[in-house]
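K.L.:
Need the 3D shape of this:
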Amino acid sequence: MKKTVTFAVMHFSVAFMVAYLLTGSVVVGGAVALVEPAINTVAFYFHERVWKRIEISKEVARTKRAAVSHDVTLREQEMREGVAA
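P.N.:
So this is what the prediction gives:
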């Protein structure tokens, strides 16, 4: 939890400093420091959902390849044994 809190403080500080240095306004710096991390959090949520779908798709493809490979191996074994239909 300490790591999360220190990261949040750092994130707010960086957002504030960048906005302040670009605009010279403490109000704009403060607003950006509050809004940017909130928007970033929402964006991160959707980013994670997309990556989860990619990972699931890869796992499904891997499973299908393994199943096909297994079926081919079984057919080859059946043919060797003369059991092929």
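
K.L.:
in this structure, which helix has the most residues?
P.N.:
helix 26-81 (DSSP state H).

K.L.:
Quick one: list the elements packing against the helix-or-strand element of the chain with minimal mean pLDDT.
P.N.:
Lowest on mean pLDDT, DSSP states H and E among the helices and strands of the chain sits helix 26-81, with a mean of 84. Packing contacts for helix 26-81, counted by 3 or more Cβ pairs under 8 Å, 6 or more residues apart in numbering; DSSP states H and E, involve helix 2-23. Backbone N, C-alpha and C define where each C-beta goes, glycine included.

K.L.:
Show the average pLDDT along the helix it packs on.
P.N.:
Averaged across helix 2-23, pLDDT comes to 90.

K.L.:
Return the list of helices and strands in contact with it.
P.N.:
Here helix 2-23 touches helix 26-81, going by 3+ Cβ pairs under 8 Å, 6+ apart.

K.L.:
My guess is residue 12 contacts residue 33. True?
P.N.:
Yes. Between residue 12 and residue 33 there is a contact under Cβ atoms under 8 Å: 4.8 Å.

K.L.:
what about the two, which has more around it?
P.N.:
The neighbour count for residue 12 versus residue 33, taken as other Cβ atoms under 10 Å, is higher for residue 33 (19 against 16).

K.L.:
Next, find the distance separating that one from residue 3.
P.N.:
Between residue 33 and residue 3 the computed distance is 20 Å (Cβ to Cβ, to the nearest Å).

K.L.:
got the contact list for the residue lying closest to residue 23 once chain neighbours are set aside?
P.N.:
Counting by Cβ to Cβ, 6 or more residues apart in numbering, residue 29 is the residue found nearest to residue 23 once chain neighbours are left out, at 6.9 Å. Contacts for residue 29 (Cβ atoms under 8 Å, 6 or more residues apart in numbering) come out as 16, 17, 19, 20, 23.

K.L.:
hmm, which of the residues you listed are the buried ones?
P.N.:
Using 16 or more other Cβ atoms under 10 Å as the burial test, these include 16, 19, 20 as buried.

K.L.:
could those residues go into a markdown table alongside distance to residue 48?
P.N.:
Below are those laid out as a markdown table (distance: Cβ to Cβ, whole Å):
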| residue | distance to residue 48 |
| --- | --- |
| 16 | 26 |
| 19 | 26 |
| 20 | 30 |
